[in-house]
Every structure is written in C-alpha cells, then in structure tokens.
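Colleague: can you look at this prediction? I've put the sequence above it.
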Amino acid sequence: MPFKINISEKNGKTFHTELESEALFGKEIHGKINGVEVSPDFAGYEFEIAGASDKSGFPVREDVEGIGLKGVLMNYGVGMKRRSRREGKKKRSHFTPNGLRLRKSARGKIISAEIMQLNLKVLKHGEKSLSEIFPEQNKPKAEAPVAA
C-alpha cells in the first residue's frame, strides 16, 4: 500500500505525493533518511520523519515503543487536541483545563505497513528544487468564478 507523503520546506510550502517504498519500514520518527531511499527523484536530499498516522488515523508518537497500537495517558499535544465532551461547553479563560489527562490510542514510533501517511521535513536540499520535481503543485491557485 502506498504512503501518502507530505514534504515540507522551511518557507512553509508543502508538496504532496504518493509513493510505495519498502526502504522506509523499520525507520523511527525523528530519524534522518536519504532522499534516494524515498525515490530516485530526491537524489541529494536529506529528510527527517516529522510525524505519521496509520490507516485508522491514529497518530504515531515517539514515546510509544514498537509498531503496535497502545493506550497512552495523554496531556494536550500530539493525538489530543480539544477538551473532552464531559467537560461541557463552559467558557474558560484558557483552553486546556489543569490536570486533564485522557487515555487514548496511539501507534508506536517505528514505521510499518500499517502507516498510511508520512510527514517529512527537508534538512538538506538536492540538485533539483522540489518545485521542479512537482511542477503541477507549483501553480498558483486559480480564483473561483463569481456567481452573478
């Protein structure tokens, strides 16, 4: 099954692609990989695996060992974004209630066949720029026609 790969540069531009690369299996989150391991088009590039999620949408966390799903006691951060439903719609001066921790499922930090999406961060650029490798994603967005 191919990975959906998001490659981000420091200037904020993100490029999307789908690739099938078995060389990524066994790599860890926040580990460095050569661009040739991902695709021959990325010769000279060096990437860092910034994050990932599996087929069901569970995030990959670096504090969970292995490749399986585990229940982790979480504070706000990766995998836990908003207040729990039990807390209700009370207006609060801050978004995160003090001491709120919930047990949620997260996937281990090693890339396996269960992973669907990978987020890569460019550490070192290669010979060709990413806008040359992905010319169809480099076009400015066309404005929508205005209905009269």
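Modeller: Yep, that arrived.
Colleague: where does this protein dip in pLDDT?
Modeller: 1, 82-98, 138, 140-148 (pLDDT under 70).
Colleague: at 80 what do you get?
Modeller: The model of the chain has pLDDT under 80 over residues 1, 75-100, 138-148.
Colleague: so where do the strands sit in this structure?
Modeller: Here the chain has its strands, by DSSP state E, at 3-8, 14-19, 32-34, 46-54, 69-74, 102-107, 115-124.
Colleague: out of those, which comes closest to residue 136?
Modeller: Ranking the strands of the chain by distance to residue 136, with C-beta to C-beta as the measure, places strand 14-19 first at 10.1 Å. All C-beta spots, glycine's among them, are computed from the backbone N, C-alpha and C.
Colleague: CSV for the strands of the chain, including mean neighbour count and distance to residue 130?
Modeller: Formatted as CSV, the strands of the chain follow (neighbours: other C-beta atoms under 10 Å; distance: least, C-beta to C-beta, whole Å):
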stretch, mean neighbour count, distance to residue 130
strand 3-8, 18, 6
strand 14-19, 14, 5
strand 32-34, 16, 16
strand 46-54, 19, 11
strand 69-74, 14, 33
strand 102-107, 17, 27
strand 115-124, 19, 7
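Colleague: could you dump these to CSV with distance to residue 25?
Modeller: Shown next, in CSV, are the strands of the chain (distance: least, C-beta to C-beta, whole Å):
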stretch, distance to residue 25
strand 3-8, 10
strand 14-19, 13
strand 32-34, 12
strand 46-54, 12
strand 69-74, 17
strand 102-107, 14
strand 115-124, 9
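Colleague: no further queries at this time; thank you.
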